[in-house]
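*Asks:* got a sequence here, can you build the structure:
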Amino acid sequence: MTESDRTRTTMTTKLRTFLILWSGQVVSIFGTSMTGFALGVWVFQTTGSVTRFALISFSSAFPAIVLLPASGIIVDRFNRLRVMIWGDLGAALGTVAIAALLWLGYLEIWHIYVLMAFASAFSTPQALAFDASIPLLVDRQQLGRANALHQFGAGIAETAAPLLAGLLVVSIGLEGIILIDVATFVFAVMTLLIIRIPRHEPSVEKIGKEPQQESLKQRLLAGWHFIRSRPGLVGLMFYFFSLNFTRTAVLVLLTPLVLSFAAPTELGAVLALGAAGMMTGGILMAAWGGPERRMTSIYAGNLLYSVMLILGGLRPNITLISVAAFLMLLTSPFINSAVQALWQSKVPFDLQGRVFAARRMFTWSAVPLGYLISGPLSDRLFEPLMAEGGALAGALGPIFGVGPGRGVGLFLTLLGVSALLTLAAGYLHPRIRLVEDELPDVSRKEAADPERR
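*Replies:* Residues are numbered from 1 along each chain as shown. Just a heads-up that it's a prediction; the model follows:
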């Protein structure tokens, strides 16, 4: 066998491994999304409290952010395949505990919060290990496609799962939904048991002492030290912190915006079109792979997103908002796949767990911030400003309209302007714009040998 034949065989094997790994994770995400939806329905129907309903998402999101530094250490120090297996098993254990309490008639609301947090503690290193395994299985040129395929599968799962769960919860109940979720965990673990992931060798770059000599503090801060010494990556984190805040605020405001002038059925159509936009973008990105320069994909996607957000808030028109939602979410796979591929290609394999953890901890902190302040800003500031006789009703009423929901529309348009300013700042900052040129790619030799389980 020639060297080219061996190389082609190795690439085919790695691609097959990635597809098996991807399929297991998509199925697992599908089951988790079904359970999350069904638990939310159960809590809301039991308590009638929106706050208690929202706490389900908080109980999953907060531990994920807090545990990211420790998760990064785990992913870099231990076998990533085993980390994913134990992550799936731990998350499944939390789900089984909820099912057992439900069947025995002892399930309380606080049980759900605690067990969702428990499952999140295992899911966080599992997700990091998956992201850090992608560049070990896919060549640099295919990273965009692989990340787009991952987001496409997760997008379908997270979109279709609530629809299916809404139909099944009536016929098989919460217990049946949880059983399906457990089955998806079993499938995910089985896919992990039949694959091998290449070993990530220690990189030339060292931060502090040798891994076995590092203190816990040095291990926790290694990811931050790596990023801090590279201004382009620091700027990229601030760029996506701002963008994540805008995205979160839009998720909060879209439902009240549409319901201020339209029926729930029309809201469903808008959300369905948004989901279709995300799936379309995922298909296009997976087939094409995006432009050679990742920042071009990020900038172009940000530009279209910002313009659609500005237009979507201008008038209470269901067609305008539907088109805006479709195109806004169409950009998501292009932006997210490009930035993920950029980080994967620039960070040494044995540091990716800690670096990705530090990056996520910073950029994801914008999400709870967006949830906390977008609602009060809308209710207490923008809606009164655009109400009949409001302070801005006379000046901006001819553009946005006056009355319920028009303050939300103004807020969305201003968020679009903010996203445009983020784009301008990111383009004018040379360290961000040139980050692909100034930072070297990771050597592929670091992933040469198969990893033992």
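*Asks:* these two touch, right, residue 285 and residue 332?
*Replies:* No. At 9.6 Å, residue 285 does not count as touching residue 332 under the criterion of C-beta atoms under 8 Å. C-beta here means a position set from N, CA and C on the backbone, and glycine is covered the same way.
*Asks:* need the residues touching each of these two.
*Replies:* With contacts defined as C-beta atoms under 8 Å, 6 or more residues apart in numbering, the residues adjacent to both residue 285 and residue 332 are residue 151.
*Asks:* the two: who's more crowded?
*Replies:* residue 285 (27 against 20; other C-beta atoms under 10 Å).
*Asks:* contact partners for that one?
*Replies:* 144, 145, 148, 151, 152, 333, 334, 337 are the contacts of residue 285 under C-beta under 8 Å, 6+ apart.
*Asks:* and residue 329, by the same measure?
*Replies:* Going by C-beta under 8 Å, 6+ apart, residue 329 touches 274, 275, 277, 278, 281.
*Asks:* so after the helix or strand that residue 238 is a member of, what's the next helix or strand?
*Replies:* According to DSSP states H and E, residue 238 maps onto helix 231-259. Per DSSP H and E, the first helix or strand lying C-terminal to helix 231-259 is helix 264-288.
*Asks:* just give the closest residue to residue 441, not the sequence neighbours.
*Replies:* Excluding the flanking residues, the one nearest residue 441 by C-beta to C-beta, 6 or more residues apart in numbering is residue 345, at 5.1 Å.
*Asks:* cool, residue 334 as well?
*Replies:* The shortest distance from residue 334 to any non-neighbouring residue, by C-beta to C-beta, 6+ apart, is to residue 301 (4.3 Å).
*Asks:* which other helices and strands does the host helix or strand of that neighbour contact?
*Replies:* Counting by DSSP H and E, the element that carries residue 301 is helix 294-312. The helices and strands touching helix 294-312, judged by 3 or more C-beta pairs under 8 Å, 6 or more residues apart in numbering; DSSP states H and E, are helix 231-259, helix 318-346, helix 406-428, helix 435-438.
*Asks:* does anything pack onto the third one? Which helices or strands?
*Replies:* With contacts taken as 3+ C-beta pairs under 8 Å, 6+ apart, helix 406-428 sits against helix 231-259, helix 294-312, helix 383-385, helix 393-400, helix 430-433.
*Asks:* quick one, that helix and helix 393-400 angle?
*Replies:* With axes from the mean of the first three to the mean of the last three C-alpha atoms, to 10 degrees as the basis, helix 406-428 and helix 393-400 are set at 70 degrees to each other.
*Asks:* how far off centre is helix 406-428?
*Replies:* Mean-position distance between helix 406-428 and its chain equals 21 Å (C-alpha atoms, centre = their mean, to the nearest Å).
*Asks:* ditto for stretch 390-397
*Replies:* Distance of stretch 390-397 from the chain centroid (C-alpha atoms, centre = their mean) equals 37 Å.
*Asks:* buried residues in it?
*Replies:* Buried residues in stretch 390-397, counted by 16 or more other C-beta atoms under 10 Å: 390, 392, 393, 396.
*Asks:* go on, stretch 88-96?
*Replies:* By 16+ other C-beta under 10 Å, the buried positions in stretch 88-96 come out as 88, 89, 90, 91, 92, 94, 95, 96.
*Asks:* domain assignment for this structure?
*Replies:* 1-198, 219-444 (automatic domain parsing).
*Asks:* would JSON lines of these with mean pLDDT be doable?
*Replies:* Output for the domains of the chain, formatted as JSON lines (pLDDT from 0 to 100):
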{"stretch": "domain 1-198", "mean pLDDT": "83"}
{"stretch": "domain 219-444", "mean pLDDT": "90"}
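*Asks:* ok, back up a step: pick the one among the contacts of residue 329 closest to residue 178.
*Replies:* In terms of C-beta to C-beta, no member of the contacts of residue 329 lies closer to residue 178 than residue 275, at 24.3 Å.
*Asks:* returning to that earlier point: next, the angle from the helix holding residue 301 to helix 264-288.
*Replies:* Taking the same axes, to 10 degrees, one finds helix 294-312 and helix 264-288 inclined to each other by 160 degrees.
*Asks:* just want the angle from helix 294-312 to helix 318-346.
*Replies:* With the same axes, to 10 degrees defining the directions, helix 294-312 sits at 160 degrees from helix 318-346.
*Asks:* show residues contacting helix 294-312.
*Replies:* With C-beta under 8 Å, 6+ apart as the test, helix 294-312 has contacts from 144, 243, 246, 250, 290-291, 320-321, 323-325, 327-328, 330-332, 334-335, 337-339, 341-342, 412-413, 415-417, 419-420, 422-423, 426-427, 432-433, 435-436.
*Asks:* count of neighbours near the residue lying closest to residue 390 once chain neighbours are set aside?
*Replies:* Nearest residue to residue 390 in three dimensions, chain neighbours excluded: residue 384, at 5.6 Å (C-beta to C-beta, 6+ apart). Neighbour count of residue 384, defined by other C-beta under 10 Å: 14.
*Asks:* quick check, residue 384 in contact with residue 407.
*Replies:* Yes. If you go by C-beta under 8 Å, residue 384 and residue 407 touch, sitting 6.9 Å apart.
*Asks:* overlap of the contact sets of those two?
*Replies:* Counting by C-beta under 8 Å, 6+ apart, the shared contacts of residue 384 and residue 407 are residue 390.
*Asks:* so in the protein, which helix runs the longest?
*Replies:* The longest helix of the chain (DSSP state H) is helix 3-47.
*Asks:* and the following helix or strand past that one, what other elements does it pack with?
*Replies:* The first helix or strand that comes after helix 3-47 along the chain, using DSSP H and E, is helix 50-66. Contacts defined by 3+ C-beta pairs under 8 Å, 6+ apart place helix 50-66 against helix 3-47, helix 109-137, helix 352-364, helix 366-377.
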